[in-house]
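# Got a predicted model here, sequence first, then my questions.
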Amino acid sequence: MADISAEQINDALTNIFNQNYSVIERSMLQVDFVGCENPDFNFALNEMTVLKTDTSSMIIVSAYIGDELINNYWADGLIISTPTGSTAYSLSVGGPILTPNSENFIIAPLAPHNLTNRPIVVPDNSEITLKVAGRGTQFLTSLDFRSVTVEMETVIKVKKAAFKLKTLQLPEQPFFNTLRNKLMWGIDKRNK
């Protein structure tokens, strides 16, 4: 992942060639589109996002777990994130950071109309259903870096994929060390 700096590449490759690493399995999302064809690869490592597309008006995203309504989000969009994605787009909209082995998803609104709508953490054994409404005829859905425009009546089902992505963790790059370095936790120029 992104925890190796340019200066560390030679040491990282040496560790990999010497098999000095541990394997970390990362959960992925499976995203199914009901009412239209699924993309060629309907999985995401970081997040899936529903976004407004053809108007400046907000959309309404109704999110359910099973038959239970979580919320009707009046917003520019909604992010569903894995633990890996918790340090990506979700973090930028105020979502929490999850450790890689967390068995949770984050649901985070994008620019919600009601400021009391905050990100929520749900178990990753949940199937999340999204129904979108708005003034436009389409909305945008992104899976990591891939985007597809879908018709407004399309229902989206999000669940944990049946497989995980295996990543390598080097001994000098534990998760919290990476967070401290990348997010500059504990850095305060008054302490120098």
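Received the coordinates, thanks.
# now the helices for the protein?
9-17, 89-92, 175-183 (DSSP state H).
# Quick one: closest of the ones you listed to Cys36.
helix 89-92 (23.4 Å; Cβ to Cβ). Every C-beta, even on glycine, is put in place using the N, C-alpha and C of the backbone.
# Show me what that closest one is packed up against.
Packing partners of helix 89-92 (3 or more Cβ pairs under 8 Å, 6 or more residues apart in numbering; DSSP states H and E): strand 47-52, strand 77-81.
# any idea which of the ones you listed is most buried?
strand 77-81 (a mean of 26; mean count of other Cβ atoms under 10 Å).
# Now that strand: average pLDDT?
Regarding strand 77-81, the rounded mean pLDDT is 96.
# Could you check how many residues crowd around Ile97?
Burial of Ile97 is recorded as 15 neighbouring residues (other Cβ atoms under 10 Å).
# what about the strands in this protein?
For the chain, strands defined by DSSP state E occupy the ranges 22-26, 29-34, 43-44, 47-52, 59-65, 68-75, 77-81, 104-110, 120-123, 128-134, 138-143, 146-151, 155-160, 165-169.
# quick one, the fourth one and strand 59-65 angle?
To tie it back to what came earlier, the one meant is strand 47-52. 140 degrees (axes from the mean of the first three to the mean of the last three Cα atoms, to 10 degrees).
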